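Asks: coordinates only, sequence not included:
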């Protein structure tokens, strides 16, 4: 007997199911069979039945037992039945072969058939799609589509068998029909030809061909299948023809209970009357075209727009149901006046009447639509809304809330950041969340590695991708890479200039042969050679120049890094070309075995990876697959497959719209219902016959999404909140909600008081003052909307008057010691006083380079890269190295662009170095020496250090940089130290660098009082170590020069400001930005301070000007500059 149970809510249906299964089966060991549409529904149903079954009389705890219940999906249930009737098991035949019309076996049959018919003129459309040319050649742009096409067509053919089996019966008979009595469109007639090729190759009739015979056999010999005396199907809103035919035949001798959620008994009766009218006219309602299915107008607009799936299911059930029971939900058996907006809406849906039974009401917390600026703000707003619900109702727990999102992968990282953080800086961080149905790449790290390596096989394998793979947890565990190891490897990759390609073979496959520099292979050779050699020796082996600073403690790491690269090279080499499926499966298992390992707790990942590879490939024949096919195959392998274990764990559950459809929750949050995401795309699949000429009850993704929204509305028992992107986060332009959400808003508007609105528009930022005001439109029951204390601090800061940023203060620092001073520290201070404060005093380093690893080969180097090469060559040339040797080393270092681009760059750098050498060489005729310094300073302190590069009585320094203030100040301090030591008579200093035209030189002569000047600079350093001095070296040099030329203070500051903010100015200096975030205005905002250090520059009104004078006035007195 086929028995229908319907109710507005599934918790009512659970009570009905509990009553059914409470009556024991004749066989006490036979399991109950309850088919469910999704794993989340299964978990909820199992838990709900456990509170109703086996509960001792008088026990109010609801602690019962629900055991020996099988929960297949409706598809799995009907597949089991048909497989058993056809002599198959669900996976294998008795002789060990698989049913060719089910699961992955059908996919491989389709793939083989595609190869067979690709040259047939009748399948020219298919051949063109997969890149097969009429002359037998291949289109490289399309040749990788075979597996993806086969997988798609297998799904299409399986859908035909389930939804329109009559069409496949036509095809088996040789008629290219559409199953409705007509012929297929000409552009689709390749499909019957392909299907018949599969039919011929298998020699086994398809289930669709045998459906009538199978149903008849079920009726005549019910013992032919091993099913209990009753079974149930719980919660579907759509059932295919095949499923209904099988269930109807089973119901001839068994009780089949179909329990469906239906929003409105009034709507059911109305549609039932229309079906009776059509049936009386001789129309087969269950198989008619959708466009011909005309029913009376649905009164409630939301039911009219969202309920097509359940209305068409009702049409398909016509003539099959033996008994029809409607079970009214107890709390809604009668309309209750004074309910919230949500309950009024649900009541109208049940009555199929949009008019309220009571007076209009104000918007309340039971139903809300929230328009936000992008996904991140949606998550933030939802979090605050949830916290308000938890605060207002202490009985509400995370288990009572469900968050459903059409695009869970986009929102998953945002949700992870908003909830469950280790440090509870926000109340929401204490709420634990469970992301229930993400794809396997997110839950199984080994499968993620497999999919990644497969794609790398034909990719460029950039430095970033290499390090990213090394940082994956299973790879780290396999090779023992720690965080410090990964940082060292990152440094090696940057220092050896690895960009892309594992080796020259891979580089050649991407059209760049003959340039092995910047490959992983060459870079790794530099690391390994650096274990036993030094770069400064300029002794290379082949193309490998030793890498400096490979510490002895890193030798083991170098070996593990080399092993990782070698294994990856091997795997990338075998994961190419065209190979049999069995070989591909072996290679995928090899990736698991050679690159990954797990802890004991995560060993299930390894087992699941091997199972997944086997399940996908075990039914394959001798088919050949290309790499592109294997990419599609692995993508299919790691696609999302929800498991029941991730649902109803007591945590806040986040999932897509399907797994928990119709499951009642006290609060339902619908996240990401944006117009461009929901419902799914309107574009029809042009290859799907059922999409072109749909019949009643056939699947339509957009209609299914609309039904999901209706299910969510009906499943919310206390609160329903909907979130969408209502404004562009960049431009601020308003965006409409998804069309079904607009329809919901329109349906609710008549229930609200005039002048009120259901939608709340939230500000762009979480620190907007409206989030914290009790009188704000966002406030809830007189309470501010947000719980975010950090955002509150930001909101308060926004409304306070702006104030000048204080000089940076670092807590925990003791008073700056005034002990002996190292000459190198004093030089570093005058070069960059602010950097010296952080490094010498605070012992902090602010990275001055971007952490991003370069992945591309440069055809033209930037200024910094050219400077590094030029500086390196200039220093080596001064030390006596041969230019030819230096050029050869530079090409091996991997710093130059490829081919002629590198030669051109090298020639230009060499020309600049030659010009500098012509300027420097005449000054290098005297013997070179280094002078040790140890000078007594006032107060008993000493200044000590070493001054290098002293040729005769002249300190010579040369730089590939443009001669600038930094080089001049450094030369000045060293000259003062040598002069004060008295070890050289009439000392001088020359700094040489590139100039505006050619080279530039700064010639400095020693003053009469070098020790006094040094003492003043040491005092300035003492001051600069207490707090950062407002100094930007280039700007202060220009300011001091202008003041020395007689320019007034304000014009001089203006000129210095232009220099600071210019293209090559210091406005981007990270130390200055950290200490003085307001830029030049901050630097010049401090008044000149008193004290002996600045006594000679008291005419200045700013500390910037006073320090500039202290640094530069005496230097400018004794300097001659040329060409800078």
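Replies: Happy to help now that I have it. Just so you know, these numbers come straight off a predicted model, no measurement behind them.
Asks: what residues sit buried inside stretch 764-771?
Replies: 765-771 (16 or more other Cβ atoms under 10 Å). No exception for glycine: its C-beta is placed from N, CA and C like everyone else's.
Asks: one more: stretch 407-421?
Replies: Going by 16+ other Cβ under 10 Å, stretch 407-421 has these buried residues: 408, 411-412, 414-415, 418-420.
Asks: dump the residues you listed to CSV, plus secondary structure.
Replies: Formatted as CSV, these follow (DSSP: H, G, I helix; E, B strand; the rest coil):
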residue, secondary structure
408, helix
411, helix
412, helix
414, helix
415, helix
418, helix
419, coil
420, coil
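Asks: okay if I get those as JSON lines plus distance to residue 121 and pLDDT?
Replies: Below are these laid out as JSON lines (distance: Cβ to Cβ, whole Å; pLDDT from 0 to 100):
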{"residue": "408", "distance to residue 121": "45", "pLDDT": "87"}
{"residue": "411", "distance to residue 121": "48", "pLDDT": "91"}
{"residue": "412", "distance to residue 121": "48", "pLDDT": "88"}
{"residue": "414", "distance to residue 121": "52", "pLDDT": "92"}
{"residue": "415", "distance to residue 121": "53", "pLDDT": "91"}
{"residue": "418", "distance to residue 121": "58", "pLDDT": "89"}
{"residue": "419", "distance to residue 121": "59", "pLDDT": "87"}
{"residue": "420", "distance to residue 121": "60", "pLDDT": "73"}
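Asks: tell me the helix or strand right after the helix or strand of the chain with the lowest mean pLDDT.
Replies: Within the chain, confidence by mean pLDDT, DSSP states H and E is lowest for helix 440-443 among all helices and strands, at a mean of 80. Next helix or strand after helix 440-443 toward the C-terminus (DSSP states H and E): helix 445-456.
Asks: helices or strands next to that next one in the packing?
Replies: Applying 3 or more Cβ pairs under 8 Å, 6 or more residues apart in numbering; DSSP states H and E, we find helix 445-456 packed against helix 440-443, helix 463-470, helix 473-479, helix 555-574, helix 581-595, helix 603-617, helix 627-637.
Asks: quick one: contacts of it?
Replies: 440-442, 465, 469, 472-475, 568, 571-572, 575, 588, 591-592, 595-596, 598, 602, 605-606, 608-609, 612-613, 627, 630-631, 634-635, 637-638 (Cβ atoms under 8 Å, 6 or more residues apart in numbering).
Asks: at 6 Å instead, please
Replies: 440-441, 472-474, 571, 575, 588, 591-592, 596, 605-606, 609, 630-631, 634, 638 (Cβ atoms under 6 Å, 6 or more residues apart in numbering).
Asks: kindly report the same for stretch 236-244.
Replies: Contacts to stretch 236-244, defined as Cβ under 6 Å, 6+ apart, come from residues 37, 74, 78, 162-163, 165, 309-310, 313, 316, 707.
Asks: what's the nearest residue to residue 461 if we skip its chain neighbours?
Replies: The spatially closest residue to residue 461, leaving aside those adjacent along the chain, is residue 502, at 5.2 Å (Cβ to Cβ, 6 or more residues apart in numbering).
Asks: and the one you found, what element?
Replies: Using DSSP H and E, no helix or strand contains residue 502.
Asks: tabulate the buried residues of stretch 407-421 (JSON lines), appending distance to residue 834.
Replies: Formatted as JSON lines, the buried residues of stretch 407-421 follow (distance: Cβ to Cβ, whole Å):
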{"residue": "408", "distance to residue 834": "47"}
{"residue": "411", "distance to residue 834": "42"}
{"residue": "412", "distance to residue 834": "42"}
{"residue": "414", "distance to residue 834": "37"}
{"residue": "415", "distance to residue 834": "41"}
{"residue": "418", "distance to residue 834": "37"}
{"residue": "419", "distance to residue 834": "40"}
{"residue": "420", "distance to residue 834": "40"}
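Asks: for these, which one is nearest residue 291?
Replies: Of all these, residue 291 sits closest to residue 408, with 34.1 Å by Cβ to Cβ.
Asks: mind listing what that closest one touches?
Replies: Taking Cβ under 6 Å, 6+ apart, we find residue 408 in contact with residue 656.
Asks: picking up where we left off before, and the contacts of stretch 236-244, which two are the farthest apart?
Replies: Farthest pair in the contacts of stretch 236-244 (Cβ to Cβ) is 165 and 707. Separation: 23.7 Å.
Asks: which of the two has more neighbours?
Replies: A direct count of neighbours by other Cβ atoms under 10 Å for residue 165 and residue 707 places residue 707 higher, at 27 against 22.
Asks: these two touch, right, that one and residue 312?
Replies: No - using Cβ atoms under 6 Å, residue 707 makes no contact with residue 312, being 10.0 Å away.
Asks: and the least confident helix or strand of the chain, what does it pack against?
Replies: Using 3 or more Cβ pairs under 6 Å, 6 or more residues apart in numbering; DSSP states H and E, the elements in contact with helix 440-443 are helix 445-456.
Asks: just the angle between the helix it packs on and helix 463-470, please?
Replies: Interaxial angle, helix 445-456 versus helix 463-470 (axes from the mean of the first three to the mean of the last three Cα atoms, to 10 degrees): 150 degrees.
Asks: list the buried residues in helix 445-456.
Replies: Result for helix 445-456 [16+ other Cβ under 10 Å]: buried residues 445-456.
Asks: with stretch 1036-1053 instead?
Replies: Across stretch 1036-1053, burial judged by 16+ other Cβ under 10 Å covers 1036-1043, 1052-1053.
Asks: where does the prediction get shaky in the stretch 151-300 of the chain?
Replies: Along the stretch 151-300 of the chain, segments meeting pLDDT under 70 span 282.
Asks: distance of residue 910 from residue 517?
Replies: Distance of residue 910 to residue 517, computed by Cβ to Cβ, to the nearest Å: 18 Å.
Asks: do the same with residue 468
Replies: On the measure of Cβ to Cβ, residue 468 and residue 517 end up 22 Å apart.
Asks: which one of those two is surrounded by more residues?
Replies: residue 517 (23 against 13).
Asks: quick one: secondary structure of the more buried one?
Replies: Strictly by three-state DSSP, residue 517 counts as coil.
Asks: what number of residues lie near the closest residue to it other than its chain neighbours?
Replies: Once flanking residues are discounted, residue 517 sits nearest to residue 894: 4.5 Å by Cβ to Cβ, 6+ apart. Residues contacting residue 894 under the criterion other Cβ under 10 Å number 22.
Asks: would you list the phi and psi of residue 894?
Replies: When read as degrees, to the nearest 10, the backbone of residue 894 gives phi 80, psi 20.
Asks: what about it, distance to residue 496?
Replies: As for residue 894, its distance to residue 496 is 7 Å (criterion: Cβ to Cβ).
Asks: now the end-to-end length of stretch 980-990.
Replies: One end of stretch 980-990 sits 18 Å from the other (Cα to Cα, to the nearest Å).
Asks: domain ranges for this protein?
Replies: Domains of the chain are assigned by automatic domain parsing as 2-77+215-335, 97-205, 366-438+644-790, 440-637, 821-852+926-1122.
Asks: which one of the ones you listed lies closest to residue 352?
Replies: domain 2-77+215-335 (4.0 Å).
Asks: hey, where'd the strands end up in the stretch 1-150 of the chain?
Replies: For the stretch 1-150 of the chain, applying DSSP state E, counting those that start in this stretch gives strands covering 2-7, 32-35, 69-70.
Asks: what is the shortest one packed up against?
Replies: Counting by 3+ Cβ pairs under 6 Å, 6+ apart, the packing neighbours recorded for strand 69-70 are strand 32-35.
Asks: out of everything not next to it in sequence, what's closest to the residue in the chain sticking out farthest from the centre?
Replies: In the chain, counting by Cα atoms, centre = their mean, residue 985 sits farthest out from the average C-alpha position, at 67.2 Å. Residue nearest to residue 985 in three dimensions, not counting chain neighbours: residue 953, with 6.6 Å by Cβ to Cβ, 6+ apart.
Asks: in the helix or strand harbouring residue 913, what's buried?
Replies: In the assignment (DSSP H and E), residue 913 maps to helix 899-920. Across helix 899-920, burial judged by 16+ other Cβ under 10 Å covers 902, 905-906, 909-910, 912-913, 916-917, 919-920.
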